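Asker: generate coordinates for the sequence data below:
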Amino acid sequence: MIIKTSKPKAIWRAKTILGEGTLWVPSHNSIYFVDIKKKRILILNIKSNKKKIIKIDKEIGFLSHIKNNKFLLGLKSELRIINIKSRKILKSIKIEDDKPLNRINDGKTDPKGRLWFGTMDNPERKIKNGSLYCLDNKLILHKVDKKYYITNGPAFINNDTFLHTDSGIKTIFKIKINKKFKIIKKTKFKKFSKKEGSPDGMTIDSRKNIWICHYGGACITVYNLKGKRIHKVNLPAKNITNCTFGGNNKNEIFVTSALKGMKKNEIKKYNLSGSLFNIKTNIKGVISKPFSIKTCLNY
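Answerer: Numbering: from 1, shown residues only. Prediction:
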């Protein structure tokens, strides 16, 4: 099947400093995303075109839907379960108290509804302070991998195999785990050159092709599982950060971008940087599972 994509359309000129964390919530007809540095959750209902911004008290890397108005937020040094409507905090799990300069970055749920997320050094010093974690369905935290500069991804091939990125070394890894969350195999899936930009957020389609955002590369590339590039989408924004499939037919891609670190002449060239984009395609995507909790919360 030859992949076809529409011209990217800026559907919200949100001027995000560091747009991230795209999440399609079918029951809300909405695309959710975040601006890490502005500490905001942004919500666009694609049926009504209604926009909403929710301010948070910490930097936020991603959010994951649980059910109704319950969400799990990946914050600086904390996973927090909240009712997004009432703002009631239902649960707080502290992350890396011993690394006060770290923050949570990207996160996604796997096919079993478990949450995978990574941490990184917030000042972005050249130190491997980041780790990869999984929060299971009983809210037990597992440290799965360590020594990352900037964690990104993940994208799930099946229940025990996924792709995970270290943007700091422009490398995507393929990781296989056992039932005890231990890595049994880790290989390099793809390493990018400097001119291609850094691989950032990713998503996967129904044919197991990986859609990769290029920070500094102004594009999304699509690779099959053999590591062969099969498609490319150029965007009018320099720093492409995160993408997810959504829409009523699961064939639309929502894409975030970032203004962070851009010079005036770059902003002039890529004048839609910081926008949320929509791309239509002829292939269906895999929609993120809600985070599944098998333990009692005070709902």
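Asker: please make it C-alpha for all contacts and neighbour counts, starting now.
Answerer: Noted.
Asker: so where's the chain shaky on pLDDT?
Answerer: 296-299 (pLDDT under 70).
Asker: one more time with 80, if that's ok
Answerer: Where the chain drops to pLDDT under 80, the residues are 295-299.
Asker: quick one: the helices in it?
Answerer: Ranges of helices within the chain are 264-269, based on DSSP state H.
Asker: report the central residue of it.
Answerer: Centroid-nearest residue in the chain: G21, 4.1 Å away (criterion: Cα atoms, centre = their mean).
Asker: right, and that one touches L63 too?
Answerer: Yes: using Cα atoms under 8 Å, G21 is in contact with L63, at 6.5 Å.
Asker: find residues that contact each of the two.
Answerer: Residues within reach of G21 and of L63 at once, by Cα atoms under 8 Å, 6 or more residues apart in numbering, are 33-34, 107.
Asker: which one among those gets closest to N69?
Answerer: F33 (15.2 Å; Cα to Cα).
Asker: so who does the nearest residue to that closest one once chain neighbours are set aside touch?
Answerer: Distance criterion Cα to Cα, 6 or more residues apart in numbering; nearest residue to F33, sequence neighbours excluded, is T22 at 4.4 Å. Contacts for T22 (Cα under 8 Å, 6+ apart) come out as 31-34, 62, 242-244, 254-256.
Asker: turn those into JSON lines, including neighbour count and distance to G74.
Answerer: JSON lines is the format used below for the contacts of T22 (neighbours: other Cα atoms under 10 Å; distance: Cα to Cα, whole Å):
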{"residue": "I31", "neighbour count": "22", "distance to G74": "17"}
{"residue": "Y32", "neighbour count": "24", "distance to G74": "14"}
{"residue": "F33", "neighbour count": "28", "distance to G74": "12"}
{"residue": "V34", "neighbour count": "28", "distance to G74": "10"}
{"residue": "F62", "neighbour count": "26", "distance to G74": "5"}
{"residue": "N242", "neighbour count": "31", "distance to G74": "15"}
{"residue": "C243", "neighbour count": "30", "distance to G74": "17"}
{"residue": "T244", "neighbour count": "27", "distance to G74": "17"}
{"residue": "F254", "neighbour count": "26", "distance to G74": "20"}
{"residue": "V255", "neighbour count": "29", "distance to G74": "19"}
{"residue": "T256", "neighbour count": "31", "distance to G74": "17"}
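Asker: I'm done for today, thanks for sticking with me.
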